[in-house]
Every structure is written in structure tokens, then in C-alpha cells.
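A.B. asks: Here you go, sequence then predicted model.
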Amino acid sequence: MEKTILFWTEKAKKMLVSLYTYYQEHPEQMSREYRGLIGCGQDKTQVVCDYIAGMTDQYSMHQYEELFVPKAWAVY
């Protein structure tokens, strides 16, 4: 049981670090509200953290999948 918890904890950490790194490098991909905070002089690091913290689990997993999981080749 403990190994399973550690396994999923590490997977979650990797996902969050990946999202954090992505949005630090591409803040233009965040919502207008959060881009505006950066434009008004708010610390980008804090804004990115707040953006990710505001995501639901499902939404953060969806974003990770969209950004980092290769799409299968379309079969015609």
C-alpha cells in the first residue's frame, strides 16, 4: 500500500512540475486574468503557482495530457 501511495505521489509531483515549467515558459497560455496579473507587475512565479493551484485535479490532468502526451496517429 505504501509503495502505491509513493508511486502516485511521485507521478503527481512530476505532472505539477511539468505544468509549472510549461507555464513559466509560456505564460501567454494562461487565462487572460492571470496574464493580466503578470502585466500589472505581479511576480510571475507566484501567478503561475496560483494558476496551477486553482486547477481541479481533472483539469490539471487534462492540461498535462494535452501538452505532453503524444496524440496517436489518425487512422483513415
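C.D. replies: Now that the structure is in, tell me what you want to look at. Everything numeric here is computed off the predicted structure, so don't read it as measured data.

A.B. asks: tally of neighbours for Y23?
C.D. replies: Y23: 21 surrounding residues under other Cβ atoms under 10 Å. C-beta coordinates here come from the backbone N, C-alpha and C atoms, glycine included.

A.B. asks: Once you drop chain neighbours, what's closest to Q29?
C.D. replies: Take Q29 and drop its neighbours on the chain: the residue closest to it by Cβ to Cβ, 6 or more residues apart in numbering is Y23, 6.5 Å away.

A.B. asks: mind listing the strands for this protein?
C.D. replies: Here the chain has no strands by DSSP state E.

A.B. asks: Any idea which residue is closest to the centre of it?
C.D. replies: Residue closest to the mean C-alpha point of the chain, counted by Cα atoms, centre = their mean, is L19 at 2.8 Å.

A.B. asks: What are the boundaries of the helices in this protein?
C.D. replies: 2-25, 32-39, 44-53, 57-68 (DSSP state H).
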